[in-house]
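Chemist: Below is the structure, and that's it, no one-letter string:
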């Protein structure tokens, strides 16, 4: 029993470290996403065409936020960015 609770405590402490580091990275990324969203809106307004790459950049952030929340809520053990490489394959 003691071994299991020691392992669980280590797991929780690791998730705390992931929370702090990934939280900071994803928060900074959120500002970049806000800027890219505005740029994408202006691109659409003036050119009449969507820029899929800019949209994908924002979508990638949303996928990482989802992975972040799932990891912190113990739904999965898949670590979020920057502890895991980004999945840059477009799934359209």
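Modeler: Good, I have the coordinates. Because the structure is a prediction, the values reported are computed rather than measured.

Chemist: Just after the helix of greatest length in the chain, pick out the following helix or strand.
Modeler: Longest helix of the chain, by residue count under DSSP state H: helix 2-47. Downstream of helix 2-47, the first helix or strand assigned by DSSP states H and E is helix 52-72.

Chemist: what's in contact with that next one?
Modeler: 15, 18-19, 22-23, 26, 29-30, 33, 36-37, 39-40, 43, 76-81, 84, 86-88, 90 (CB atoms under 8 Å, 6 or more residues apart in numbering). Where you see a C-beta, it was placed from the backbone N, CA and C, and this is true even at glycine.

Chemist: Show me how to select, in ChimeraX, the buried members of these.
Modeler: A single ChimeraX command selects the buried members of the contacts of helix 52-72 (16 or more other CB atoms under 10 Å):
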select :15,18,22,26,29,33,36,40,80,81
